[in-house]
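Peer 1: Predicted model and sequence follow; I will ask about them next.
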Amino acid sequence: MALDVLLGLQWGDEGKGKIVDYLAPNYNMIARFQGGPNAGHTIVIGEDKFVLHTIPSGIFRENVDNLIGNGVVVDPTILAKEIRGLKAAGLDMKNLKISSKAHLILPTHRWLDAASEAAKGKAKIGSTLKGIGPTYMDKTGRNGLRIGDVSSPDFRAKYDALAAKHKQLVSIYPDVDFDHKGEEERWFEAIEEIKWIPVVDSQYYVNAALKAGQNILAEGAQGSMLDIDFGTYPFVTSSNTVTSGVCNGLGVAPQKIGDVIGITKAYCTRVGSGPFPTELHGEVGEQLRTLGSEFGATTGRPRRCGWIDIPQLKYTILINGVTSLCITKLDILNEFEEIRLAKEYTIGGEKTDQLPFDLNSADITIDFEAMSGWKTDLEGLQSFSDLPMPAQEFLNEIERLLEVPINFVSKGPQRKNLILK
Ligand code: GDP
Ligand code: IMO
Ligand code: MG
């Protein structure tokens, strides 16, 4: 009996989807516990590439249950489209379940997201505009609608009342283009289209599975630096992306949590606004973006790129209780003569490996360690000892500084491109 957790240690897009898909056969259930279609988890199987937004990344494996947990916010329009795409690819989707307590993203939540971002001007968060913030605001404001409400006779009345409030609220913001009527029509069609998905009381469902001796993997979305409490506030998302979010997002007690697998790229990226201490603005950043195809899986926006940041990772390892590390996209560094890692910060003349209260306003100087690149293709290499010596030294140095074992090294988008250490 174990509930392991897999989550991102940076600002998202660490390669969670690929690793969950790889590990899924070891589990009976994969469960998303927070976030919504702001996520874009890419899985490459042979020639095919899939991007999942709401559906857990275990969906491609047979006999693995895939649960959309109560902490997730669900947009029926996006979920229906996602299912259509997967069915067209030949998946029967029979292993998908959804929690009755998951909150619904209404079309007007997306409208509000766009309008409130427009009002922020230059200070905008860089939201994916999927309505995430407004939906979680309604959840904590105790106004939200949940999947379990859909079957209630007064669902339409409740919907109309909430949408009417949203329309009033939207009028305080600048005008943005939004086809409200069309979006609403598609939303109600989608509600009908997804009604076949078994709705479960996920807190009972998950705990019964654990009691029956099943293994569950909780799949994080976004990254720990986007956590509402511990991220680079206010440039964050609106959910708890860290391990503690699993308890609230699935209804499991903390002592049920086993391994916590933390994922980090061999460098660092961020999409959207907000501080990013190791960001590279010149040629090297551009090279990372091009080689790493660093464009958002959900919005297509170019991702900002920089070197791996040890103080930042120490911070997220601490908060998440990471027991095992996975380093992804090592292959993207293949062509670099020199590779850097941020070892320490200097803030106000003091050396520190702790993050300040407000990364936004802190004047940080970074102490980088430069290491030799390997200038070799890693394709076909099967074990850690096969890796070129500079690559082994780079990974060993990360492990030494972070004091957590690296158990997985990913070196390509395909399933087979993974080394177990
Ligand atoms: P997620 O949101 O954490 O699931 O990550 P994304 O799917 O948004 O972004 C990761 C991108 O990197 C995807 O395009 C993956 O196919 C790709 N990817 C994952 N691991 C590797 C790797 O080790 N090497 C390379 N080259 N690409 C990878
Ligand atoms: P995955 O699961 C990277 C970022 C947005 C923005 C901020 C708030 O694929 O790693 P939101 O739409 O949540 O209100 O946006 O968070 N963001 C992500 N960045 N990967 C993601 O998900 C993200 N989900 C949200 O770019 O800066
Ligand atoms: Mg992503």
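Peer 2: Good, I have the coordinates. Ligands and ions are numbered 1, 2, ... in the order given.
Peer 1: rest of the way, CA atoms for contacts and neighbours
Peer 2: Fine.
Peer 1: quick one, what contacts the residue nearest to residue 363 when sequence neighbours are not counted?
Peer 2: Once flanking residues are discounted, residue 363 sits nearest to residue 347: 6.1 Å by C-alpha to C-alpha, 6 or more residues apart in numbering. By C-alpha atoms under 8 Å, 6 or more residues apart in numbering, the contact list for residue 347 reads 362, 363, 364, 365.
Peer 1: wait, residue 40 sits on residue 49?
Peer 2: No - assessed by C-alpha atoms under 8 Å, residue 40 is found out of contact with residue 49, at 12.0 Å.
Peer 1: So between these two, which is more surrounded?
Peer 2: With neighbours defined as other C-alpha atoms under 10 Å, residue 40 and residue 49 compare such that residue 40 has more, 24 against 12.
Peer 1: Find me the pLDDT at the more buried one, would you?
Peer 2: Residue 40 carries a pLDDT value of 96.
Peer 1: what sits against it?
Peer 2: By C-alpha under 8 Å, 6+ apart, the contact list for residue 40 reads 13, 51, 52, 53, 296, 297, 298.
Peer 1: would a markdown table of those residues with secondary structure be doable?
Peer 2: Formatted as a markdown table, these follow (DSSP: H, G, I helix; E, B strand; the rest coil):
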| residue | secondary structure |
| --- | --- |
| 13 | coil |
| 51 | strand |
| 52 | strand |
| 53 | coil |
| 296 | coil |
| 297 | coil |
| 298 | coil |
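Peer 1: List just the nearest of these to ligand 3.
Peer 2: Set against ligand 3, the nearest of the contacts of residue 40 by C-alpha to the ion is residue 13 (3.8 Å).
Peer 1: do you know how far the closest one is from ligand 1?
Peer 2: 3 Å (C-alpha to the nearest ligand atom, to the nearest Å).
Peer 1: burial count for that residue?
Peer 2: Residue 13 has 28 neighbouring residues, counting by other C-alpha under 10 Å.
Peer 1: give the contact list for it.
Peer 2: Residues in contact with residue 13, defined by C-alpha under 8 Å, 6+ apart, are 40, 41, 222, 223, 269.
Peer 1: tell me which strands and helices the lengthiest helix in the chain is in contact with?
Peer 2: Counting by DSSP state H, the longest helix found in the chain is helix 155-170. Judged by 3 or more C-alpha pairs under 8 Å, 6 or more residues apart in numbering; DSSP states H and E, the packing partners of helix 155-170 are helix 107-120.
Peer 1: what about the helix it packs on and ligand 2, touching?
Peer 2: No - on the criterion C-alpha under 6 Å from any ligand atom, helix 107-120 is out of touch with ligand 2, staying 7.7 Å away.
Peer 1: the inter-axis angle of that helix versus helix 155-170?
Peer 2: Relative orientation of helix 107-120 versus helix 155-170 (axes from the mean of the first three to the mean of the last three C-alpha atoms, to 10 degrees): 10 degrees.
Peer 1: Let's see the next helix or strand after helix 107-120 as CSV, backbone CA atoms only.
Peer 2: Next in sequence after helix 107-120, counting helices and strands by DSSP states H and E, comes helix 132-140. Provided in CSV are the C-alpha atoms of helix 132-140 (Å, rounded to 0.1, in the frame of the first residue of the first chain):
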residue,chain,number,x,y,z
ILE,A,132,-8.0,28.9,-13.2
GLY,A,133,-7.7,31.9,-10.8
PRO,A,134,-11.4,32.9,-11.0
THR,A,135,-12.5,29.2,-10.5
TYR,A,136,-10.4,28.7,-7.4
MET,A,137,-11.6,32.1,-6.1
ASP,A,138,-15.1,30.9,-6.4
LYS,A,139,-14.2,27.7,-4.7
THR,A,140,-12.7,29.4,-1.7
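Peer 1: Low-confidence regions, this structure specifically.
Peer 2: 1 (pLDDT under 70).
Peer 1: let's go with 80 and repeat that
Peer 2: 1, 297, 361-362 (pLDDT under 80).
Peer 1: who in it is up against ligand 1?
Peer 2: So the chain meets ligand 1 at 12-18, 40-44, 292, 297, 328-332, 410-413 (C-alpha under 6 Å from any ligand atom).
Peer 1: Let me see the domain layout of this structure.
Peer 2: What automatic domain parsing lists as the domains of the chain is 2-101+198-261, 103-193, 265-420.
Peer 1: would you say residue 31 is within a strand?
Peer 2: Yes - membership of residue 31 in a strand is supported by three-state DSSP.
Peer 1: tell me the contacts of it?
Peer 2: Applying C-alpha under 8 Å, 6+ apart, the residues near residue 31 are 56, 66, 67, 68, 69, 216, 217, 218, 219, 250.
Peer 1: Could you do residue 299 as well?
Peer 2: residue 128.
Peer 1: can we see that at 10 Å?
Peer 2: Counting by C-alpha atoms under 10 Å, 6 or more residues apart in numbering, residue 299 touches 38, 39, 40, 127, 128, 129, 130, 271.
Peer 1: Which ones among the residues of the chain next to ligand 1 map onto strands?
Peer 2: When strands are assigned by DSSP state E, the members of the residues of the chain next to ligand 1 inside them are 41, 42, 43, 44, 328, 410.
Peer 1: related to what we said a few turns ago, of the contacts of residue 299, which are in range of ligand 2?
Peer 2: Contacts with ligand 2 within the contacts of residue 299, counted by C-alpha under 6 Å from any ligand atom: 38, 39, 40, 127, 128, 129, 130, 271.
Peer 1: give me the number of residues near the first one?
Peer 2: If I follow you right, that is residue 38. As a burial measure, residue 38 scores 21 neighbours (other C-alpha under 10 Å).
Peer 1: Would you check that it makes contact with residue 132?
Peer 2: Yes - contact criterion C-alpha atoms under 10 Å: residue 38 and residue 132 qualify, at 7.2 Å.
Peer 1: Common neighbours of these two, please.
Peer 2: By C-alpha under 10 Å, 6+ apart, the residues touching both residue 38 and residue 132 are 73, 237.
Peer 1: about what we covered before: looking at the contacts of residue 40, which one is closest to residue 151?
Peer 2: Using C-alpha to C-alpha, residue 53 comes nearest to residue 151 of the contacts of residue 40, at 24.1 Å.
Peer 1: hang on, the earlier thing: mind giving me the ChimeraX select for the residues of the chain next to ligand 1, buried ones only?
Peer 2: A single ChimeraX command is used to select the members of these judged buried by 16 or more other C-alpha atoms under 10 Å:
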select :12,13,14,15,16,17,18,40,41,42,43,44,292,297,328,329,330,331,332,410,411,412,413
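Peer 1: and residue 323, how many residues sit next to it?
Peer 2: Neighbour count for residue 323, taken as other C-alpha under 10 Å: 17.
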